[in-house]
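>>> the sequence and its predicted three-dimensional model are supplied below.
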Amino acid sequence: MGSVEKAPVASSAWRSPSGMVSVARTGAAGAFSTDPIRFLLVGDSLAVTAGLGLVRGSVDHFGVRVINKGVLGCDIDDLDAISSGQRDIPVSSCRNWRALWGHEVDQFHPEVVGLLAGRFEITDHLVGGRVVSIDQPGWNHHLTDELDQVVGVLSARGARVVLFTMPYLQPPVEAPDGSTYPENRSSRVDEYNQILRRVAARHPATVTVIDLNAILDPGGRFQTVVDGVTVRWADGIHVTRAGGQWAEQFVLPTVAQLGLDARAAGGG
């Protein structure tokens, strides 16, 4: 799986995609000890696996408590899907994501909530016997509307929301004719990530996009190893524990900054 050293803490500030966050400010808020920023992570198995690494040393080094509530097989649509050419019936608790995530927000009072998903959102679904997908304008609009609703649920108590772009996939399986299954196409990942950015643009004061795709897939293509760290499982989908820990340096400074801002505004 590879290994990664603990991410160092800068002496005065961390660099994050949204600017600089003061380590002194984080410390003064008690985030490195008794009152860390509460970061609720929800989504599918990408969230589950990435969260296993993001949680390692997160309080000591970044002042962030990662609460990993990802769900295997999480699909925000309660519809049968088609995966690897086979009908896939949804069984995860995400079938009731409004109640599930609303309850978790009420339970943990997070200052920041992150959504890392997409595996099923880019998969073909069946609606009345008809195949629909993110490639179709109607279904694309449907997903945009649903993710807009997700933001509303996750931010209901004043938390800032992070939407993680989805990394590329490269499962070692092909369709019988040698082609790539639709749900593994990079173009669908790109389309999903564009939807996330459109949703974020609707909520500029609430939503921040963290480009996990660019972090794990520098150069715009799927990569198993980055900076000498094995960041992806052999299945070509999931994030290794080492990969999640390596990504802390790019993710958690932004989470800390957003959490401090939400705390100052009385959110969470």
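Received it, and whenever you're ready, just let me know what you need.
>>> max-length helix in this structure?
Ranked by residue count and defined by DSSP state H, the top helix of the chain is helix 241-264.
>>> mind listing what's buried along that one?
Of the residues in helix 241-264, 241-260, 262-263 count as buried by neighbour count, 16 or more other C-beta atoms under 10 Å. C-beta: built from backbone N, CA, C; applies to glycine.
>>> repeat that for stretch 183-190.
Neighbour counts over stretch 183-190 (16+ other C-beta under 10 Å) mark 183-186, 188-190 as buried.
>>> tell me the one of the residues you listed nearest Val64?
Nearest to Val64 out of the buried residues of stretch 183-190 is Val189 (C-beta to C-beta; 26.5 Å).
>>> farthest from the middle of the chain: give me that residue.
Residue farthest from the centre of the chain, counting by C-alpha atoms, centre = their mean, is Asp177 at 32.4 Å.
>>> where does pLDDT dip in the protein?
Residues of the chain meeting the criterion pLDDT under 70: 1-21.
>>> pick out the residue closest to the middle of it.
Leu116 (1.9 Å).
>>> helices along the stretch 51-200 of the chain, start to end?
Taking DSSP state H, counting those that start in this stretch to define them, one finds helices in the stretch 51-200 of the chain at 58-62, 97-108, 137-154, 186-202.
>>> check contacts around the residue farthest from the centre of the chain.
Asp177 makes contact with no residue under the criterion C-beta atoms under 8 Å, 6 or more residues apart in numbering.
>>> biggest strand in this protein by residues?
When the chain is parsed with DSSP state E, its longest strand is strand 37-43.
>>> now it and helix 137-154, what's the angle there?
Here strand 37-43 runs at an angle of 150 degrees relative to helix 137-154 (axes from the mean of the first three to the mean of the last three C-alpha atoms, to 10 degrees).
>>> off-centre distance for strand 37-43?
With C-alpha atoms, centre = their mean, to the nearest Å as the basis, strand 37-43 stands 10 Å off its chain's centre.
>>> report all helices and strands that it contacts.
helix 45-54, strand 64-68, helix 97-108, strand 112-116, helix 241-264 (3 or more C-beta pairs under 8 Å, 6 or more residues apart in numbering; DSSP states H and E).
>>> give me that answer again for 10 Å
Contacts defined by 3 or more C-beta pairs under 10 Å, 6 or more residues apart in numbering; DSSP states H and E place strand 37-43 against helix 45-54, helix 58-62, strand 64-68, helix 97-108, strand 112-116, helix 137-154, strand 160-164, helix 241-264.
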